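> Any chance you can model this:
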Amino acid sequence: MIRLGNATVHLMNAPLTAQDVDLLVSPANTYLWMKHGVAGDVKHQGGDVIEREALAKGPISLGDVAITGPGSLPCRRIAHAAVMAQDLRVSQESIRTAVARLMEVAEENKTRSLAIPPMASGTGSPTAEVVAAAMFEPMIEFLPDAQHIREVRICLPDEEYLRLYKDVLGRFFAV
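Got it, this is the predicted structure:
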């Protein structure tokens, strides 16, 4: 856990779709299809209505965010953050841009709590270490001045990811 302004960032080994938060984040492609990975799990757990609503808002630009309802998930809304285009490749810069935009959208919508998974983990993705750094950089820059965001939960799939994300976050604050 680390405090950034009024916000606390928690790293946890916990299922994303079980989080009771204002805004649950789903890594997305620019067309907002929800077929695979975290997005596929969000759709599977929350219902097809989520993808139908997302598709109606797409396509969006790489790095942009579309907000939908939660389907049957316990969160209030879902933010679909476009970290990949049609080629389904994710870059360090697309992650950084999408997380920065996500922070802006969350603040604009007076969001108090967010749950975020690793923003890339499939084939064609940067390493987990690069993904973690690309996620943390915009949060560290944005959160100290945020007026509404109070809690960011980084929901990681296992203990190995948890250790790696703690190590990467620790590097940002090493003396």
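> got a list of contacts for the helix ranked longest in the chain?
In the chain, with assignment by DSSP state H, the single longest helix is helix 92-108. Contacts of helix 92-108 from elsewhere in the structure, counted by C-beta atoms under 8 Å, 6 or more residues apart in numbering, are 22-23, 25, 27, 62-65, 67, 79, 81-84, 111, 114, 116, 119-120, 126, 130-131, 133-135, 137-139, 141-143, 146-149. In this view, the C-beta of every residue, glycine as well, is placed from N, C-alpha and C.
> Only whichever of these are buried, select them in PyMOL.
Command for PyMOL that selects the buried part of these, burial taken from 16 or more other C-beta atoms under 10 Å:
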select buried, resi 22+23+25+27+62+63+64+65+67+79+81+82+83+84+111+114+116+119+120+126+130+131+133+134+135+137+138+139+142+143+146+149
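> Among the contacts of helix 92-108, which are located in helices?
Counting by DSSP H, the contacts of helix 92-108 contribute 130-131, 133-135, 137-139, 141-142 to helices.
> my guess is residue 61 meets residue 85, correct?
No: using C-beta atoms under 8 Å as the test, residue 61 is too far from residue 85 to be in contact (9.5 Å).
> okay, and the common contacts of the two?
Common neighbours of residue 61 and residue 85 (criterion: C-beta under 8 Å, 6+ apart): residue 30.
> Compare those two (neighbour count), which wins?
residue 85 (16 against 11; other C-beta atoms under 10 Å).
> State the pLDDT value of that one.
As predicted, residue 85 sits at a pLDDT of 86.
> Tell me who's in contact with it.
Contacts here follow C-beta under 8 Å, 6+ apart; on that basis residue 85 touches 29-30, 62.
> on that earlier part again, CA atoms only for the longest helix of the chain, dumped as PDB, please.
Extracted in PDB, the C-alpha atoms of helix 92-108 (Å, rounded to 0.1, in the frame of the first residue of the first chain):
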ATOM      1  CA  GLN A  92       4.400   0.600 -23.000                       C
ATOM      2  CA  GLU A  93       3.200   4.000 -24.400                       C
ATOM      3  CA  SER A  94      -0.400   2.800 -25.000                       C
ATOM      4  CA  ILE A  95      -0.600   1.500 -21.400                       C
ATOM      5  CA  ARG A  96       0.800   4.800 -20.100                       C
ATOM      6  CA  THR A  97      -1.600   6.900 -22.200                       C
ATOM      7  CA  ALA A  98      -4.600   4.700 -21.300                       C
ATOM      8  CA  VAL A  99      -3.900   4.800 -17.600                       C
ATOM      9  CA  ALA A 100      -3.400   8.600 -17.700                       C
ATOM     10  CA  ARG A 101      -6.700   9.000 -19.500                       C
ATOM     11  CA  LEU A 102      -8.300   6.600 -17.000                       C
ATOM     12  CA  MET A 103      -7.200   8.800 -14.100                       C
ATOM     13  CA  GLU A 104      -8.700  11.900 -15.800                       C
ATOM     14  CA  VAL A 105     -12.000  10.200 -16.500                       C
ATOM     15  CA  ALA A 106     -12.200   8.800 -13.000                       C
ATOM     16  CA  GLU A 107     -11.600  12.200 -11.500                       C
ATOM     17  CA  GLU A 108     -14.100  13.900 -13.900                       C
END
